[in-house]
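> no sequence on this one, just coordinates:
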């Protein structure tokens, strides 16, 4: 029997490649789990939280009073809506029967607006949570009655009652100003800008259709001297969106949103996502209404979203879903850029009214430049909200315009399907002083008795008996 000293030594332990691979795989798995599970600390964002305020009821709050009175108003058919616009613009004969049809169910709209504007408060309840958004109707209910008021104002002007038309214009302008100052999120802000556009369109309608006197034109011009506090209102809107986004991310992380279940889980880093979003919104509050000499300068300031477009880099990022979510939210950047229209519209209207007065003193002429309006009709040419330079004028097309969100001095393009005074493209905003002639009505196809007319591109028409 061999002693321990005489027994052969055990062979040295050898690591096979399989064991090494399993070990490395285990280390990688632990690292990956830690990477996916790790989330940063939530940075303070008290400066972005909206002030919690009590919303007065309809007894003192004009907005809620109108909501009770206007939300359930009947809607017009698309055909009648188109005819109303044509009547307003003068491209279709005035139809008193249609006017009476439109008035049915809306007789109290003008009186409601007068009552609402007389109330001391005008506060819009902010939508600060996802569940609240799902439970509420769209705030666009306030826009349609204003289209009706525009029709009533033009009807009054056509009947020689210009004081009533001017009063309706004044009230619509006041409504848009109060709505801009009172909103609590971006949707309400956009609605307010739409209301301001409606008032500006009505002002142009009255200049074209109503033939106002000089003193009445002075009253119309006074309505556009005051500009809305766009920065303060825009910042309030952003704070409302921040509150909504924070609630949305919290709900997704908790798995409370079945329709967004694929966002939940470890891949959604709640704090990292919110920190990224808050930094973006904080920057927007600083630069949204600043003027920049060029698009490159605006991009450098962070006005335009510059998301990472590298697909592989996104896929490999442990917060891929969070990046996707915040990039989607950064679409608000384009919305914020469009809100500069809230400054462009009153400035363009001041020029529009000054040109109208200039024409009264220079019949059948147009100024070559807007400098000819200074100082007799304007103290100075209003500045472009995008680059800070004077607004531009093209005498050939009779268009007042700004560089817009693309910072290019090109003429605005008007939608041929809409005979609107204002161009809706935020890249090239503008207002024209003359509407194009209405399109010729479509000719009805030739109807012959018997079977229908058969047309072939290669054969002459044949009439079948």
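All right, it came through fine. In this text the structure is predicted, and so the values were computed from the model without any measurement. Residues are numbered from 1 along each chain as shown.

> Next up, the contacts around residue 281.
48, 238, 241-242, 332 (CB atoms under 8 Å, 6 or more residues apart in numbering). Bear in mind the C-beta positions are built from the backbone N, C-alpha and C, glycine included.

> For the protein, which segments count as strands?
For the chain, applying DSSP state E gives strands covering 392-394, 399-401, 430-432.

> Isn't residue 116 up against residue 66?
Yes: with contact defined as CB atoms under 8 Å, residue 116 counts as touching residue 66 (4.7 Å).

> got JSON lines for the strands of the chain, with distance to residue 349, mean neighbour count and mean pLDDT too?
JSON lines is the format used below for the strands of the chain (distance: least, CB to CB, whole Å; neighbours: other CB atoms under 10 Å; pLDDT from 0 to 100):
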{"stretch": "strand 392-394", "distance to residue 349": "14", "mean neighbour count": "18", "mean pLDDT": "98"}
{"stretch": "strand 399-401", "distance to residue 349": "9", "mean neighbour count": "23", "mean pLDDT": "97"}
{"stretch": "strand 430-432", "distance to residue 349": "8", "mean neighbour count": "24", "mean pLDDT": "97"}
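
> and residue 111, which of those is closest to it?
Set against residue 111 and scored by CB to CB, the strands of the chain come closest in strand 430-432, at 31.0 Å.

> And that closest one, what does it pack against?
helix 341-361, strand 399-401 (3 or more CB pairs under 8 Å, 6 or more residues apart in numbering; DSSP states H and E).

> residue closest to the middle of the protein?
Centroid-nearest residue in the chain, with CA atoms, centre = their mean: residue 190, separated by 4.2 Å.

> Which residue is the nearest non-sequential neighbour of that residue?
residue 335 (7.0 Å; CB to CB, 6 or more residues apart in numbering).

> What distance do you get for the one you found to residue 241?
Separation of residue 335 from residue 241 (CB to CB, to the nearest Å): 9 Å.

> what's near enough to touch the residue nearest to the centre of the chain?
Applying CB under 8 Å, 6+ apart, we find residue 190 in contact with 335, 338-339.

> Point out where this structure drops to low pLDDT.
In the predicted model of the chain, residues 1-15, 31-37, 133-137, 183, 257-268, 304-318, 320-321, 328-334, 439-465 satisfy pLDDT under 70.

> hmm, try it at 50
Applying pLDDT under 50 to the chain flags residues 265-266, 312, 443-465.

> For residue 77, what are phi and psi?
Residue 77 adopts backbone torsions of phi -70, psi 160, taken as degrees, to the nearest 10.

> ok so, going back, just the buried members of the contacts of residue 281?
The neighbour count (16 or more other CB atoms under 10 Å) marks 48, 238, 241-242, 332 as buried among the contacts of residue 281.

> okay, those residues in JSON lines with distance to residue 351 next?
Formatted as JSON lines, the buried ones among the contacts of residue 281 follow (distance: CB to CB, whole Å):
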{"residue": "48", "distance to residue 351": "37"}
{"residue": "238", "distance to residue 351": "30"}
{"residue": "241", "distance to residue 351": "33"}
{"residue": "242", "distance to residue 351": "36"}
{"residue": "332", "distance to residue 351": "30"}
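
> Near residue 376, how many other residues are there?
The local packing of residue 376 (other CB atoms under 10 Å) involves 10 other residues.

> do the same with the one 4 residues further on
For residue 380, the neighbour count with other CB under 10 Å is 11.

> Which residue, neighbours along the chain excluded, lies closest to it?
In space, and not counting its chain neighbours, residue 380 is closest to residue 374: 6.0 Å by CB to CB, 6+ apart.

> so how far is residue 414 from the one you found?
Taken as CB to CB, the span from residue 374 to residue 414 is 27 Å.

> Between those two, point out the one with more neighbours.
The residue with more neighbours, out of residue 374 and residue 414, is residue 414; 22 against 14, by other CB under 10 Å.

> So that one versus residue 397, what's the distance?
Where residue 397 is concerned, residue 414 sits at a distance of 10 Å (CB to CB).

> any shared contact partners between the two?
Taking CB under 8 Å, 6+ apart as the contact rule, residue 414 and residue 397 both touch residue 432.

> Could I get the full set of helices for the stretch 51-200 of the chain?
Counting by DSSP state H, counting those that start in this stretch, the stretch 51-200 of the chain has helices at residues 62-70, 78-89, 96-103, 109-118, 130-135, 143-158, 162-182, 186-209.

> and residue 404, which of the ones you listed is closest to it?
Of all the helices of the stretch 51-200 of the chain, helix 186-209 comes closest under CB to CB, at 14.6 Å.

> Residue 139 contacts residue 186, doesn't it?
No: using CB under 8 Å, residue 139 is not in contact with residue 186, being 10.9 Å away.

> May I see the contacts of residue 190 organised as CSV, with distance to residue 410 and neighbour count added?
Formatted as CSV, the contacts of residue 190 follow (distance: CB to CB, whole Å; neighbours: other CB atoms under 10 Å):
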residue, distance to residue 410, neighbour count
335, 22, 16
338, 17, 18
339, 21, 23
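
> In a markdown table: those, plus distance to residue 300.
Listed next are these as a markdown table, based on distance: CB to CB, whole Å:
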| residue | distance to residue 300 |
| --- | --- |
| 335 | 21 |
| 338 | 20 |
| 339 | 20 |
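
> Closest one of those to residue 422?
Ranked by distance to residue 422 (CB to CB), the contacts of residue 190 are led by residue 338 at 12.7 Å.

> just checking, the closest one touches residue 424?
No: applying CB under 8 Å as the test, residue 338 and residue 424 come out as separate, 9.6 Å apart.

> Now do the same contact list for residue 339.
Residues near residue 339 by CB under 8 Å, 6+ apart: 189-190, 193, 230, 234, 288-289.

> 6 Å instead, please
For residue 339, the contacting residues are residue 234, by CB atoms under 6 Å, 6 or more residues apart in numbering.

> swap in residue 67?
For residue 67, no residue meets the contact criterion (CB under 6 Å, 6+ apart).

> Same check on residue 324?
Neighbour list for residue 324: empty [criterion: CB under 6 Å, 6+ apart].

> and the gap between residue 337 and residue 427?
From residue 337 across to residue 427, the span is 9 Å (CB to CB).

> actually residue 184, not the one I wrote
Distance, residue 184 to residue 427, by CB to CB: 28 Å.

> Between these two, point out the one with more neighbours.
residue 184 (25 against 16).

> residue contacts, that one?
Residue 184 touches 124, 126, 240, counting by CB under 6 Å, 6+ apart.

> Then residue 130?
Residue 130 makes contact with 247-248, 251, according to CB under 6 Å, 6+ apart.

> So which of those are in helices?
The helices, defined by DSSP state H, take in 247-248, 251 from the contacts of residue 130.

> For those, which single residue is the most surrounded?
residue 248 (19 neighbours).

> Pull the number of nearby residues for residue 383.
The burial count for residue 383: 15, using other CB under 10 Å.

> and the two most separated of the contacts of residue 281?
48 and 332 (13.3 Å).

> on that earlier part again, could you dump the helices of the stretch 51-200 of the chain into CSV with distance to residue 385 added?
Output for the helices of the stretch 51-200 of the chain, formatted as CSV (distance: least, CB to CB, whole Å):
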stretch, distance to residue 385
helix 62-70, 26
helix 78-89, 27
helix 96-103, 35
helix 109-118, 27
helix 130-135, 30
helix 143-158, 23
helix 162-182, 14
helix 186-209, 12
